[in-house]
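S.K.: I'd like to go over a predicted model; first the sequence, then the structure.
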Amino acid sequence: MSAGVIFVIVLALAFDFTNGFHDSANSIATVVATRVLRPQYAVMWAAFFNFAAFLVFGTKVATTIAKDVVDPSAGVITVGVVFAGLVGAIGWNLITFYLGLPSSSSHALVGGVVGAAVARSGLHVVEADGMRKIGVFIVLSPLIGLALGLILTVMIMWVFHRSRRVDRLNRNFRRGQLVSAAAFSLGHGANDAQKTMGIILVLLIASGQVAPHAGVPLWVVLAAHTAIGLGTLSGGWRIVKTMGSKITRLQPVGGVAAESAAATTLFFTSSAGIPVSTTHTITGAIIGVGATRRLSAVRWGIAGEVVTAWVLTIPGAFAIAYLTSLAVRAVA
């Protein structure tokens, strides 16, 4: 294995680490906002289940990233292209982290890989079917999260409508939120860590380290889950504030509903091999929970800023990766 390949693998794991701290907000925002766990304990709880996800889910999402975004048989994927794609994704993650916006690390990675590949060989190398599937779930994942969050909250309120002590109800749901937060962190690790596995897999295929139809090696699986778990441990408090309190105020009942709705969505998409944004999913679920009280309970201005970041993510990462890929070609 060449030094270049090793360097890009390390860079891919660095992206996975930034994914962990950038998206740690997704895993712990509600459990921190409802004061069920202190931030330092919440990140440890989330990091453990981020890592444990490899024991539950397969690697279908990794295969999608490796083979359904850019045509792997076109000869476009090189060490330089993967490097440029990762620079685009990491660059966009750092920009939105600095601004405190919960954008999608998943779509930053997709935009980065596509931008780097297009800069090298043109638009024809992009897999239209794979991009269409990802594009559809850019829209569907937050809507599914929103719908499930709203439905679960209404069901909980209906089942416990005779309970006159709201504080006692919330106290009981504090314990349940530990389970729902763990479930969401499991789904987060399953979907997001696999994207890094997919990038490393395509790099190994392009460099001749594994066969074109090979699955993800175990060491790649373990390395990716370790990196995202360590990233989650480092935390992302600026984004936690946006996710956990600025969009809407949550109580433990709402936290359970939001996390359960998002976890259900991620379990389905991870099992189906669909790379979705955990950020989109949990934000939609939080908005759905807030909307059950009244529409004014959701701070739509903040939600609009989040949506703007989503819309800009793929083109933003694409642009950074495109320019990086041109620079790599000029130097090489």
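M.R.: On my side now, so go ahead.

S.K.: would you mind measuring from Val32 to Gly255?
M.R.: Distance, Val32 to Gly255, by CB to CB, to the nearest Å: 9 Å. Yep, even glycine has a C-beta here, placed from its N, CA and C like the rest.

S.K.: ok, Leu13 next?
M.R.: 31 Å.

S.K.: quick one, what contacts Asp16?
M.R.: Asp192, Ala193, Thr196, Ala224, Ala227, Ile228, Gly231 (CB atoms under 8 Å, 6 or more residues apart in numbering).

S.K.: neighbours of Phe7, how many?
M.R.: Counted by other CB atoms under 10 Å, the residues lying close to Phe7 total 12.

S.K.: nearest spatial neighbour of it, skipping sequence neighbours?
M.R.: Of all residues not flanking Phe7 in the chain, Phe83 sits nearest, at 7.9 Å (CB to CB, 6 or more residues apart in numbering).

S.K.: now do the same contact list for that neighbour.
M.R.: By CB under 8 Å, 6+ apart, the neighbours of Phe83 are Phe7, Val8, Leu11, Ala116, Thr324, Val328.

S.K.: in stretch 199-214, which residues are buried?
M.R.: Residues of stretch 199-214 classed as buried: Ile199, Ile200, Leu201, Val202, Leu203, Leu204, Ile205, Ala206, Ser207, Gln209, Val210 (neighbour count, 16 or more other CB atoms under 10 Å).

S.K.: now that stretch: average pLDDT?
M.R.: Stretch 199-214 carries an average pLDDT of 85.

S.K.: and it, how far from the chain's centre?
M.R.: 23 Å (CA atoms, centre = their mean, to the nearest Å).

S.K.: surely Ala119 touches Leu326?
M.R.: Yes. Counting by CB atoms under 8 Å, Ala119 does reach Leu326; the two are 5.3 Å apart.

S.K.: more neighbours: which of the two?
M.R.: It is Ala119, of Ala119 and Leu326, that has more neighbours when counted by other CB under 10 Å, with 22 against 14.

S.K.: excluding chain neighbours, what is closest to Cys48?
M.R.: Rather than Cys, residue 48 is Phe. Counting by CB to CB, 6+ apart, Phe48 lies nearest to Gly229, which is 7.3 Å off, once chain neighbours are set aside.

S.K.: got the contact list for the helix or strand where the one you found lies?
M.R.: Assigned by DSSP states H and E, Gly229 falls within helix 218-234. Helix 218-234 is contacted by residues 13-14, 16-24, 27, 43-44, 46-48, 50-51, 53-54, 59, 185, 189, 192-194, 196-197, 200-201, 204 when judged by CB under 8 Å, 6+ apart.

S.K.: the same query, at a cut-off of 6 Å, please.
M.R.: 13, 16-17, 19-21, 24, 43, 46-47, 50-51, 54, 193, 196-197, 200 (CB atoms under 6 Å, 6 or more residues apart in numbering).

S.K.: just the CA atoms of that helix, as PDB, please.
M.R.: Extracted C-alpha coordinates of helix 218-234, given in PDB (Å, rounded to 0.1, in the frame of the first residue of the first chain):
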ATOM      1  CA  LEU A 218     -13.300  -5.700   8.700                       C
ATOM      2  CA  TRP A 219     -10.500  -3.300   9.600                       C
ATOM      3  CA  VAL A 220     -12.200  -0.600   7.600                       C
ATOM      4  CA  VAL A 221     -15.400  -1.200   9.400                       C
ATOM      5  CA  LEU A 222     -13.700  -1.000  12.800                       C
ATOM      6  CA  ALA A 223     -11.600   2.100  11.900                       C
ATOM      7  CA  ALA A 224     -14.600   4.000  10.600                       C
ATOM      8  CA  HIS A 225     -16.800   3.300  13.700                       C
ATOM      9  CA  THR A 226     -13.900   4.200  16.000                       C
ATOM     10  CA  ALA A 227     -13.300   7.500  14.200                       C
ATOM     11  CA  ILE A 228     -16.900   8.600  14.300                       C
ATOM     12  CA  GLY A 229     -17.200   7.500  18.000                       C
ATOM     13  CA  LEU A 230     -14.100   9.600  19.000                       C
ATOM     14  CA  GLY A 231     -15.500  12.500  17.000                       C
ATOM     15  CA  THR A 232     -18.700  12.300  18.900                       C
ATOM     16  CA  LEU A 233     -16.800  12.300  22.200                       C
ATOM     17  CA  SER A 234     -15.200  15.600  21.200                       C
END
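
S.K.: quick one: pLDDT of Pro315?
M.R.: Pro315 is given a pLDDT of 91.

S.K.: quick one, what contacts the spatially closest residue to Ile314 that is not a sequence neighbour?
M.R.: Closest residue to Ile314 apart from its sequence neighbours, by CB to CB, 6+ apart: Gly111 at 3.7 Å. By CB under 6 Å, 6+ apart, the residues touching Gly111 are Ile314, Ala317, Phe318.

S.K.: what ranges in the protein fall below the confidence cut-off?
M.R.: Within the chain, the stretches with pLDDT under 70 are 22-30, 33-34, 73-74, 100-102, 161-170, 235-250, 293-307, 309, 332.

S.K.: show me what the longest helix seen in it is packed against.
M.R.: The residue-count maximum for a helix in the chain (DSSP state H) belongs to helix 166-206. On a contact count with 3 or more CB pairs under 6 Å, 6 or more residues apart in numbering; DSSP states H and E, helix 166-206 meets helix 3-33, helix 39-52, helix 60-67, helix 218-234, helix 252-272.
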